[in-house]
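1. Make a model of this:
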Amino acid sequence: MEKVIKYLKSGADAKLNAVCGAIVLTSMIVYKAYNFRCPCIPGFNKPYALMVLLAPPFIFFFVGVLVSQYCGSLTIEYSRPEGSRAKNKKVLRQKLIAMISRALAAPLLWILVCFLDGKLLVCAFSETLDPEQFGGFADFPEYDTAVLLAKVPCKNFDPLSKSSTRKAISRFLKFLSQGIGYISVLTLILLAALARCMLPLFNTHETLQVRYWTKYSDMEEKFFEEMCIEHNHKIADKSMKNYFEGSRKEREEEVYYERKKITDAPIETLVYVDQWYKSRPPILGEEPPDHQS
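-> Down below sits the predicted model:
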């Protein structure tokens with residue numbers, strides 16, 4: 001447990017990975033808890049199945065973006081005036097890619113699990129197949145073909161419970177769905193491996209530079225937060241001590257001085273915070289940007 005806590009405190013990447021893992025775990029819990037049942041009504045099967053397939057991934061993606069630590073920092077860094085320090089667009093792009101790639105993990109996993117399970121594809125596309133290619137429904141002349149095709153995903157529909165045509169259509173769609181799922185998994189693994197291992201070989205110097213400045217940016221934000229917490233702690237501690245310590249007479253005599261002392265410090269710090277946003281100082285050894293060129 002201590003190693004896990006230490007890893008989470010190691011940097012922004014660790015926190016992003018933790019958030020990504022939590023959202024992925026949540027998506028799997030939601031999928032297992034959600035008992036999918038096809039409506040088995042002509043014209044409603046496909047919209048309902050596609051909604052279940054696509055709506056949760058959109059929700060998980062936007063939640064992943066909103067809870068990402070990079071979401072706020074990217075907005076601040078992109079919107080701030082350039083001041084004495086130029087914006088590193090490569091670092092911004094790297095953070096954006098990291099945020100989006102982690103936010104896509106849960107949606108992609110949901111879609112892949114849906115394909116590997118096969119129920120959604122059977123529900124969505126059973127009405128689009130020709131039953132004659134699977135034996136037909138000649139034994140059920142009293143039912144319309146569209147109704148029977150819509151009832152294929154429903155095993156509790158008694159007339160079709162032992163129908164070989166229904167079983168053939170269901171097996172075919174499940175086979176197709178699982179085939180798409182496995183091919184998608186292999187494709188994503190291959191693309192991830194190529195992006196991780198092959199792309200840095202084409203421009204090693206730039207890759208190392210971007211990694212360095214991304215880590216520097218993360219560390220700078222971490223120290224900024226720690227500085228704010230430390231300063232707030234000192235101001236709160238000083239304010240409480242000034243209130244509770246000393247006699248009432250001494251407090252009355254020094255009330256103006258103490259109030260000025262207490263209130264000026266946070267306001268002064270807020271001025272520095274505002275200056276940090278509007279005009280960040282250049283990094284040591286870095287030349288300030290030439291705004292005249």
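2. pLDDT below threshold where in this protein?
-> The chain contains residues with pLDDT under 70 at 1-20, 245-268, 284-293.
3. Which parts of it belong to which domain?
-> Using automatic domain parsing, the domain parsing of the chain gives 2-202, 208-278.
4. now, of those domains, which is deepest in the fold?
-> Highest mean neighbour count among the domains of the chain (mean count of other C-beta atoms under 10 Å): domain 2-202, with a mean of 16. To be clear about C-beta, it is placed using only N, CA and C from the backbone, and glycine gets the same treatment.
5. Show me how far that one is from its chain's centre.
-> 14 Å (C-alpha atoms, centre = their mean, to the nearest Å).
6. next one: stretch 202-218
-> With C-alpha atoms, centre = their mean, you get 23 Å for stretch 202-218.
7. pull the CA atoms of that stretch into CSV?
-> Output in CSV follows, covering the C-alpha atoms of stretch 202-218 (Å, rounded to 0.1, in the frame of the first residue of the first chain):
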residue,chain,number,x,y,z
PHE,A,202,12.6,9.0,-35.9
ASN,A,203,13.3,12.0,-33.8
THR,A,204,15.0,11.0,-30.5
HIS,A,205,16.4,14.5,-29.7
GLU,A,206,12.9,16.2,-30.0
THR,A,207,11.3,13.3,-28.0
LEU,A,208,13.7,13.7,-25.1
GLN,A,209,13.4,17.5,-25.1
VAL,A,210,9.6,17.3,-25.0
ARG,A,211,9.7,14.7,-22.2
TYR,A,212,12.1,16.9,-20.2
TRP,A,213,10.0,20.0,-20.5
THR,A,214,6.8,18.1,-19.8
LYS,A,215,8.3,16.8,-16.6
TYR,A,216,9.6,20.3,-15.7
SER,A,217,6.1,21.8,-16.3
ASP,A,218,4.6,19.1,-14.0
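8. for the protein, which helix is longest?
-> helix 204-244 (DSSP state H).
9. three-state assignment of Asp139?
-> Here Asp139 is recorded as coil under DSSP: H, G, I helix; E, B strand; the rest coil.
10. again with the one 4 residues further on
-> Per three-state DSSP, the secondary structure class of Tyr143 is coil.
11. How much space separates it from Gly72?
-> Distance, Tyr143 to Gly72, by C-beta to C-beta, to the nearest Å: 58 Å.
12. What of Leu201?
-> Taken as C-beta to C-beta, the span from Leu201 to Gly72 is 33 Å.
13. With Glu225 instead?
-> 11 Å.
14. What ranges does the stretch 51-200 of the chain have for its helices?
-> Here the stretch 51-200 of the chain has its helices, by DSSP state H, counting those that start in this stretch, at 69-79, 89-103, 105-117, 119-125, 145-150, 164-197, 199-202.
15. Of those, which is nearest Asn232?
-> Asn232 lies closest to helix 69-79 among the helices of the stretch 51-200 of the chain, at 18.6 Å (C-beta to C-beta).
16. For that closest one, list the C-alpha coordinates in CSV.
-> C-alpha atoms of helix 69-79 as CSV (Å, rounded to 0.1, in the frame of the first residue of the first chain):
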residue,chain,number,x,y,z
GLN,A,69,-5.1,16.9,-13.8
TYR,A,70,-4.0,18.3,-17.2
CYS,A,71,-7.5,19.7,-18.0
GLY,A,72,-7.1,22.8,-15.8
SER,A,73,-3.4,23.2,-16.4
LEU,A,74,-3.8,23.1,-20.2
THR,A,75,-6.5,25.7,-20.1
ILE,A,76,-4.5,28.0,-17.9
GLU,A,77,-1.3,27.6,-19.9
TYR,A,78,-3.0,28.1,-23.2
SER,A,79,-5.0,31.2,-22.2
